[in-house]
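Asks: Just to be clear, the model below is a prediction. Sequence and coordinates:
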Amino acid sequence: MTELYEELGLTEDEYRDIIRILGREPSKVELGMYSLMWSEHCSYKSSKPVLSQLPTRASYVLQGPGENAGIIDIGGGLAAAFKMESHNHPSAVEPYQGAATGIGGIVRDIFTMGARPIACLDPLRFGSLESPRQRYLFSGVVAGIAGYGNCLGIPTVGGDIYFDECYDGNILVNVMAIGIMPKENLIRGQATGVGNAVVLMGNRTGRDGIGGASILASQEFDETSQEKRPSVQVGDPFTEKLLIEACLELLEKNLLVGLQDLGAAGISCACSETAARGGVGMKIELKNVPLREEMDPFEIMISESQERMLAIVEPRKLDEVLATCERWGLPAVVIGEVTEGDMLEIYWYGEKVVEVPASSLASGPVYERAAERPAYLDEVQSADLAALEHPSDLNRVLLDLVSGPNLCDKRLVYEQYDHMVQLNTVVYPGSDAAVLRVKGTSKALAVSVDGNSRYVYLDPYGGTQIAVAEAARNVVAAGGVPMALTNCLNFGNPERPDIFWQFKESVRGLADAARHMELPVVSGNVSFYNESFGTAIYPTPVVGMVGLIGTLSTRRTIAFPEEGLVVAMLGDTLDELGGSEYLRLVHGMTAGRPPALDLEVEKSVQTTCIEGIRRGIILSAHDCSEGGAAVALLECCCAGGVGATLEVDTPLQPVSWLFSESQSRFVVTLREEDLGALEDLAASRQVRVYALGRTGGSRLIVGDWIDLGVDEMKAVREEALGRLLKG
Amino acid sequence: MKVSIYVSPKKGVLDPAGQAALGALKSLGFGEVADVRIGKYIILRLEDIDAGKAEDRVQEMCERLLANPIIEDYRIEMGD
Amino acid sequence: MKVSIYVSPKKGVLDPAGQAALGALKSLGFGEVADVRIGKYIILRLEDIDAGKAEDRVQEMCERLLANPIIEDYRIEMGD
Amino acid sequence: MRFGVVVFPGSNCEMDCHHVIDKVLREDVDYVWHQQTDVSAYDCLVLPGGFSYGDYLRCGAIARFSPVMEAVADFAAEGGLVIGICNGFQILLEAGLLPGAMLRNTSLSFICRFSSVRVENADTPWTNAARQGQVLRVPIAHGEGNYTADEATLAALAEEGRIILRYCGEDGEVTAAANPNGSVDNIAGICGEGFNVFGLMPHPERASEEILGSTDGLLIWESVMAHYRSRG
Ligand SMILES: Nc1ncnc2c1ncn2[C@@H]1O[C@H](COP(=O)(O)OP(=O)(O)O)[C@@H](O)[C@H]1O
Ligand SMILES: [Mg+2]
């Protein structure tokens, strides 16, 4: 007979640890709590030692990793809070609700810190759209994000979407949220002050998502088993909206000591984490928890019902807190109090069912996992790309690239998101970074997410560095100075040495790039076990970058703004087709090495671009990424509705110049008379400027390689996704 | 041939619309309402179909498209 | 006491969800479907109510809140 | 002029309307809580966009029973100026302060983008600053903006000049292709009988500042301010 702890996913060693901590056998409720809190998802037991190398400090970092969200000072008494998270498996089970509750969760992480959420972004990864299942998942996920985010009145202003067979069995739904607050409203998820009340606010508790399969398997099998099955979490954005308003009002009135959202592991997690952070104990009576259905204490402790918050409140302020919740129509009840010591005591109608040290739940075991370089790397990296035969109709190649799922226009998605509500979005989706003005100031935030997993698959270290560089480059193209980043690291099973090697290399790349570019990592999330039938996804770290635009008038878009401007390329184009979209589309290969990244060069190119924008020399900017220079130029034309006639002087063969995804490049426009000034700016940083030609007309002409009408390119790009979704 | 399909939220699954309607009914003075669940009522008209096969076909439609078995139950009623 | 309420789009009123479902069913190969209409299936649980008055009360709930007479018809079924 | 922006649980454009009235128009403005029953302090009431009560059951169906709505109805009956934007429009329909009803967009998807609407009647409190036939570029953002009404209602609306805005192409042509949601006769905004109640799906508050890409929405605010001042 298997032991209960095994069915709950704990190892024998972990079980012994629990006995050692308690000095006795744990009760069933206690065991359930440990199993969740010590799960990979909550404890970071595999990733913690690796993540410790990330740079997390800077003078303007007010809160780094360890809280619900990271926070940076953006001047003028204001701070920005942001974080990224995954909701991969729930979205694979029920795409609409999975994605919806993903938005709900990440938004709670933001207002839990005292910030008003001002934007969401959604990095998504799906398998091939040729599969009806993938089309179903795609439509459901997008509708779920829209359904929840739109109702909250938080604009979804960005994200990215890639399709690759590696996600056929395991899609990725990552979500990022950003909020803004007056610095003094910052509050932490801490319980302090013995005798303070523990208040549970929001939706009633039901049997939502209880512990997943492991818990299910531990239930005795009888005629009620069917009834006890965990239910899919259904999002209730209306209640979440009320929670946002109520919590921000409570904070504004300074009525709270601590605030914590309930996410994974529900009450267990919220109570033990707040108590552990505050160095106190807590006494909870579960009969006070408002329930949706009959439940036992085990179920109540581990339920993942959405739209709930835990607040720590001084007794003298309790009445006002409860009255404020009532005014917002929100259930709120006292479920316990803060106690001396560090014991978490849980009662069920007066009977003690749990007595464990809070810190022992919150700080689980740590593992040094084995890592071994995977064998596939040598093979894919050594692929001989020099021998490839390239097609001669380059117009066709370009149109094929932008009518493929990865590079086509994503309007069909972002138009389902209310990306304008709150009146802050001053650069709409479709550019490199979204730009959000900060009302009451002349400043704005530029935000972008990035992560090309094909590069990371081919070179975990270098590919992850590219994700950092590119996210920053996007922010720069919009006129922003990158400030800090968040991330979501999506990998396979960490117990496999080859996967763990990918993870370690990737985090090393993240750390080195962030350190070199002086970009602190202020928050993030790790999602392991993204596998199906033993096949892992490509390692997929996703980076979310936040930058600051000092003066709104220096924001830029990718669009060619008018006729008669000089089009120039900042940075060098090399023969680097490895890992490119071109290679994948035309030759069906994911091979070679991803483009090389020199972080010094990257910094120089970025500062040249920022400086050029700041001085009013650069009028539009677009970084070159997937699809290379050709796709970047096409996008500039389509966005502005203006063509360009260009000449390229290069020793490279045409496909290499057009489709290589060389890093550290921008396509910019400027007035003829400013060319010298830009060249000087660039030369002082050892950056080359290549003047390519001029904007104007209704065609994009690149030497005798490319000659396409802007309207045609636009139509092809815009129709593609709709067509692919029809199957 | 007319077919009615009744789709309702599975037991235990949160039904925010039902909860909102419950709240509204109570505040309108309908205190006797203890619970509200809101699902879908789907009316199909089928043509040129062998009555013996119709129910299986409708069941397949429900599984594949009309209901979401992960969060919804459904019931089929053939004929008027 | 359980009450079922069937709300359906009024005849002549456009039913975008029904039309979309019809299109989707056809493309899934369910050619026998000639029409689809999608309405709401509302299940109430009433407590402490005099059975004689219940139906009138439910009718009032429908008139005031649960259905919109401009675009919807409804039918009430008392009891299980 | 004093505006009151009504806040229902789930409203989410109230701050946007407040911002435009306060910071752009520089007029007086307060929030009006949904439980408030006295609105006599206001010259114009704004029912903002959002998802009042989550838009559960039907958009606007629950909000119409908020205590404030009786006051809004009385205010309107006495000729008070009331504008319902998006969800506010849906609430006015459910409350019977405007005729007709909303269905889901034919695409079944939420749509957020700039739309073009043509001013069909420039002789109203809401459009007097615009030219007859002028095309305004104003964002829409809704999942249920597919307006419908019975034949008699539509005929009366047309006859009495109460169809105020229609979706059109950039050139002003009212075509099926320019209709984003399936709305009957491309209707984007209508008035009640006395023209003092106005409901529209596009968001004028999202097109009231240069930096947001259009200032065409200002015409609507400026119209109502001019109307108010002319009434003295
Ligand atoms: N990849 C990462 N990089 C930096 N910080 C991380 C990373 N993964 C997790 N963290 C930090 O660890 C803490 C716990 O993360 P998580 O469990 O996802 O938070 P939550 O409990 O709010 O869901 C958070 O403060 C988060 O920012
Ligand atoms: Mg959290």
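Replies: Received it, and whenever you're ready, just let me know what you need. Ligands and ions are numbered 1, 2, ... in the order given.
Asks: what residues does chain D put near chain B?
Replies: Contacts of chain D with chain B, taken as CB under 8 Å from any CB of the partner chain, map to D:53, D:54, D:56, D:57, D:61, D:62, D:65. C-beta coordinates here come from the backbone N, C-alpha and C atoms, glycine included.
Asks: What residues does the residue nearest to the fifth one when sequence neighbours are not counted make contact with?
Replies: In space, and not counting its chain neighbours, residue D:61 is closest to residue D:94: 5.2 Å by CB to CB, 6 or more residues apart in numbering or on different chains. The neighbourhood of residue D:94, defined by CB atoms under 8 Å, 6 or more residues apart in numbering or on different chains, consists of C:68, D:58, D:59, D:60, D:61, D:63, D:64, D:101.
Asks: Pull the distance from stretch A:646-654 to the chain's centre.
Replies: How far stretch A:646-654 lies from its chain's middle: 37 Å, per CA atoms, centre = their mean, to the nearest Å.
Asks: Which pLDDT value belongs to residue 25?
Replies: Picked chain A for this. The model reports residue A:25 with a pLDDT of 95.
Asks: that's the other chain; I wanted chain D
Replies: According to the model, residue D:25 scores 98 on pLDDT.
Asks: what about it, distance to residue D:223?
Replies: Distance, residue D:25 to residue D:223, by CB to CB, to the nearest Å: 12 Å.
Asks: Likewise for residue A:466?
Replies: Counting by CB to CB, the gap from residue A:466 to residue D:223 is 52 Å.
Asks: Where does pLDDT dip in the chain?
Replies: Reading this off chain A. In the predicted model, chain A carries pLDDT under 70 at residues A:1-2, A:211-230.
Asks: actually chain D
Replies: In chain D (pLDDT under 70), the answer is D:232.
Asks: That one: strands as residue ranges?
Replies: D:2-7, D:28-33, D:44-47, D:81-85, D:101-103, D:111-119, D:135-142, D:146-148, D:163-168, D:187-191, D:197-200 (DSSP state E).
Asks: Tell me which of these approaches ligand 1 most closely.
Replies: strand D:111-119 (28.5 Å; CB to the nearest ligand atom).
Asks: partners of the closest one, with directions?
Replies: strand D:135-142 (antiparallel), strand D:163-168 (antiparallel) (DSSP bridges).
Asks: circling back: neighbour-wise, which of residue D:25 and residue D:223 wins?
Replies: A count of neighbours by other CB atoms under 10 Å in any protein chain shown puts residue D:223 above the other of residue D:25 and residue D:223, at 21 against 17.
Asks: Enumerate every residue touching residue 13.
Replies: Chain wasn't specified; assuming chain A. residue A:365.
Asks: ah, I was thinking of chain D
Replies: A:153, A:421, D:48, D:49, D:50, D:85, D:86, D:87, D:203, D:205.
Asks: Excluding chain neighbours, what is closest to it?
Replies: In space, residue D:13 is closest to residue D:49, 3.7 Å off (CB to CB, 6+ apart).
Asks: and that neighbour, how many neighbours?
Replies: The number of residues packed around residue D:49, counting by other CB under 10 Å, is 28.
Asks: That one contacts residue D:203, correct?
Replies: Yes - assessed by CB atoms under 8 Å, residue D:49 is found in contact with residue D:203 at 6.2 Å.
Asks: Touching both of these two, which residues are there?
Replies: D:13, D:16, D:85, D:86, D:141.
Asks: tell me the contacts of the fourth one?
Replies: It refers to residue D:86. Listed by CB under 8 Å, 6+ apart, the contact partners of residue D:86 are D:13, D:48, D:49, D:50, D:140, D:141, D:142, D:145, D:200, D:201, D:202, D:203.
Asks: Looking at those, which is nearest residue A:353?
Replies: Residue A:353 lies nearest to residue D:50 out of the contacts of residue D:86, by CB to CB, at 42.3 Å.
Asks: how much space between that closest one and residue A:154?
Replies: In terms of CB to CB, residue D:50 sits 12 Å off from residue A:154.
Asks: got it, and residue A:250?
Replies: Relative to residue A:154, and taking CB to CB, residue A:250 is found at 19 Å.
Asks: same check, this time on residue A:6
Replies: For residue A:6, the distance to residue A:154 - CB to CB - is 42 Å.
Asks: For chain D, what's its nearest residue on the stretch 51-200 of chain A.
Replies: residue A:153 (2.5 Å; CB to the nearest CB).
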